[in-house]
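In: Fold the following for me, if possible:
(chains A and B)
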Amino acid sequence: MFSYIVRKLLYAVPVIWGVVTIVFILMAIVPGDPARLMMGQRGDPETLARIRADLGLDLPIHKQYVRFLKDLVKGDLGISYRNNEKVVDALLTRFKATLKLAFWAMVLASVLGILAGIVSAVKQYSIFDYSAMFIAISGISAPVFWVGLLLLLIFAYTLHLIPGVGYVPGDWRYYVLPVITLGVRPAALIARLTRSCMLEVLTQDYIRTARAKGLHERIVVMRHALKNALIPVVTIVGTQVAELLSGAVLTETIFAWPGVGRLAVEALIARDFPMIRGTVIFMAIIFLVANLIVDISYGFIDPRIRYD
Amino acid sequence: MTKKSKIGGLWYEAWLRFKRNKLALVGLIMAISIIVIAIFAPLIVPYDPFEQLIWKEGKEARLAPPSLKHLMGTDIYGRDILSRIIYGARISLQIGIFASIVSLIIGVPLGAMAGYIGGVVDDLISWLINVVFAFPFLLFVLAVIAVFQSPSLRIVYIAIGLVNWVGIARVVRAQFMSLRDREFVEAAKALGLPRRKIIFKHILPNAIAPVIVQATLGMGGIIMTEAGLAFLGFGAQPPTPSWGLMISEGQKYLSIGKWWWAIFPGLAIMYTVLAFNFLGDGLRDALDVRLKR
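Out: Numbering: from 1, shown residues only, chains lettered A, B, ... in the order given. Just a heads-up that it's a prediction; the model follows:
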């Protein structure tokens, strides 16, 4: 088990290196002078030269790259052009808000998706099945930001049940709409997958045996079938993290949610390249870590998986 | 199963299976309807999508609610929203098609090389696939676009293609891995054919079905990404009638109850994405393709 985790971690290293390098190359080919971007029109030649030297921009590109990697290993992602804030500090502060949003969205999506999937499978071709699957396919096909605006229109602007956009840490009412917005897509995917996996499992021999033993249908479904049906569902939770992070960019923008996604958009608008670089690298690493956790947790759910 | 039993063989049988699938047919009809609307947009539109009707119809044409005259209402400049949505189909399909072409141009050769040659080449390409896959799709596209000073539709589809190719490459790689040891490939090798000919003339035609399915399913994601980019201000620029841009422009007026500007374009996106998802699912079942995600 331990060696499996170590091996997985070692596999992740070249991927992270690739991510970091691609982002470095992208930001290096951006036209324009960062020193000018920082100083605007005010900077005199000496100041500009000093800033370039501070940032290492006067070095040849390969030396800049080595310096960038060295800083990165030390956990230093540079300084924002916009407000001289350390990129790492900004990321860590903002990530708390994103984590809260993504966590509750995933909880909502899992609970709703798995429940709807089970009922749809058990009552296949019922009205519930048809309407749940119709809602699911609509949820997958609707753009995240549009769903958010639709919810705002209905619940905030028309029915006045919930305040509009904004973020008040302790106030749950501000969580409702962003969490639903971000959770719709994963909920729909989980519902569809749970349904199809359940349907497959329910036709297997051991389920017939369980029923033949005279077990209550509820126990057959919830204890015997669900356990096996959920294994593939866990897989997509991992891939959903990437989509969730992309979705967070849009959701946070609509709801003025102070997370990493909105930080990325703000940085893009301001052409704050150290911050753009930081957010992209940060999110890619979050994605890799999340998938690592999913890989490892397989073993606990599926005893057939061997770690060698 | 006997192959080539009828004219068209595999494709004929696939069509028979496809025809029996109701959702697939619905998807096909929906997709054709969008393509027809996009092609004949100038003939269908009730108004010029760029014309500001306030000059002709007066102040009532500003943010007019849906009515018989303007089925989906008008925007703040007095432009007919239905006409703009019809023209928007052109933008979405254009981006969808061109981004898919870019993805295929990158993804097919790389996937083929990884699957056919194997070894270090496969390790390298698989590493690249994993790296690109680790980026959140939208954020990476945004970062690519940020490199250019001003976003244009061409940059949008190139940027999307630069990220989207990994799905294609994965499918092609898996196909080539399973096909490279078949007898017909052995035969081609024994004949002394050059590697490029074996890859493109002998294996690729046999691997084409999953690529078509993957590309069709990818269309929805591309169209959604284009809309997201335009919504954030990094895609199509005003006055382009892009659906995502229209939602972005209309969102300010939601809180005062003028909902039609932002809501109708979203329905158009949903309809289009749904069409390609149904079509892709239908093709997958009909061509009997198993895709790993």
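In: Residue A:108 and chain B: what is the separation?
Out: 20 Å (CB to the nearest CB, to the nearest Å). Every C-beta, even on glycine, is put in place using the N, C-alpha and C of the backbone.
In: what about the closest residue to that residue other than its chain neighbours, how many residues close to it?
Out: If you skip the residues right next to it in sequence, residue A:108 has residue A:183 as its closest partner in space, 4.1 Å away by CB to CB, 6 or more residues apart in numbering or on different chains. If you count neighbours by other CB atoms under 10 Å in any protein chain shown, residue A:183 ends up with 28.
In: Can you give me the buried ones in the one helix or strand residue A:183 maps to?
Out: Following DSSP states H and E, one finds residue A:183 within helix A:173-202. Neighbour counts over helix A:173-202 (16 or more other CB atoms under 10 Å in any protein chain shown) mark A:174-195, A:197-199, A:201-202 as buried.
In: what's the offset of that helix from the middle of its chain?
Out: Here helix A:173-202 shows a centroid-to-chain-centroid distance of 15 Å under the convention CA atoms, centre = their mean, to the nearest Å.
In: ok, and for the helix or strand that that helix is followed by, which residues are buried?
Out: Following helix A:173-202 in sequence order, the next helix or strand is helix A:205-212 (DSSP H and E). Of all the residues in helix A:205-212, those buried under the rule 16+ other CB under 10 Å are A:207, A:210.
In: State the next helix or strand along the chain beyond helix A:205-212.
Out: In N-to-C order, the element after helix A:205-212 by DSSP H and E is helix A:217-219.
In: On the pLDDT front, check the residue nearest to residue A:108 for me.
Out: According to the prediction, residue A:183 has pLDDT 94.
In: from the chain's centre, how far out does the helix or strand harbouring residue A:267 sit?
Out: Taking DSSP H and E as the criterion, residue A:267 maps to helix A:260-270. In terms of CA atoms, centre = their mean, the centre of helix A:260-270 is found 16 Å from the chain centre.
In: rewinding a little: which strands or helices does the helix holding residue A:183 pack on?
Out: Other helices and strands packing on helix A:173-202, by 3 or more CB pairs under 8 Å, 6 or more residues apart in numbering or on different chains; DSSP states H and E, are helix A:87-122, helix A:127-141, helix A:144-151, helix A:226-254.
In: deepest of those, which one?
Out: helix A:144-151 (a mean of 24; mean count of other CB atoms under 10 Å in any protein chain shown).
In: Would you mind getting the angle between that helix and helix A:127-141?
Out: 120 degrees (axes from the mean of the first three to the mean of the last three CA atoms, to 10 degrees).
In: contact partners of helix A:144-151?
Out: Helix A:144-151 is contacted from outside by A:139, A:177-178, A:180-182, A:184-185, A:247, A:250-251, A:253-255, B:227-228, B:231, B:247, B:251, B:254, B:262-263, B:265-266, B:269-270, using CB atoms under 8 Å, 6 or more residues apart in numbering or on different chains.
In: if you set the cut-off to 6 Å instead, what comes out?
Out: For helix A:144-151, the external contacting residues (CB atoms under 6 Å, 6 or more residues apart in numbering or on different chains) are A:177, A:181, A:184, A:247, A:250-251, A:254, B:231, B:247, B:251, B:262, B:266.
In: got any ranges where the stretch 151-300 of chain A has weak pLDDT?
Out: Within the stretch 151-300 of chain A, the segments meeting pLDDT under 70 span A:299.
In: er, chain B actually
Out: B:1-8, B:290-293.
In: quick check, the longest helix anywhere in it touching chain A?
Out: The residue-count maximum for a helix in chain B (DSSP state H) belongs to helix B:81-117. No: against chain A, helix B:81-117 shows no contacts by CB under 6 Å from any CB of the partner chain, the least distance being 11.4 Å.
In: Tell me which other helices or strands that helix touches.
Out: On a contact count with 3 or more CB pairs under 6 Å, 6 or more residues apart in numbering or on different chains; DSSP states H and E, helix B:81-117 meets helix B:22-39, helix B:41-44, helix B:119-134, helix B:153-179, helix B:204-232, helix B:260-286.
In: now the angle between helix B:119-134 and that helix, please.
Out: Going by the same axes, to 10 degrees, helix B:81-117 makes 150 degrees with helix B:119-134.
In: tell me the angle helix B:81-117 makes with helix B:22-39.
Out: 120 degrees.
In: what's the spacing between helix B:81-117 and its chain's center?
Out: 5 Å.
In: just stretch B:239-259 next, same as before
Out: With CA atoms, centre = their mean, you get 23 Å for stretch B:239-259.
In: what about that stretch, start to end distance?
Out: With CA to CA, to the nearest Å as the measure, stretch B:239-259 spans 20 Å from end to end.
In: List the buried residues for it?
Out: B:240-251, B:253-254, B:258-259.
In: interface residues of the stretch 1-150 of chain B facing chain A?
Out: Residues of the stretch 1-150 of chain B lying near chain A (CB under 6 Å from any CB): B:130-131, B:134-139, B:142-143, B:146-147.
In: Of the residues you listed, grab the buried ones for PyMOL.
Out: Burial among the residues of the stretch 1-150 of chain B next to chain A is assessed by 16+ other CB under 10 Å; the matching PyMOL selection reads:
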select buried, chain B and resi 130+131+134+135+136+137+138+139+142+143+146+147
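In: just the buried residues of stretch B:239-259 now: which is nearest residue B:61?
Out: residue B:258 (13.4 Å; CB to CB).
In: so is the closest one in a helix, a strand, or just coil?
Out: coil (DSSP: H, G, I helix; E, B strand; the rest coil).
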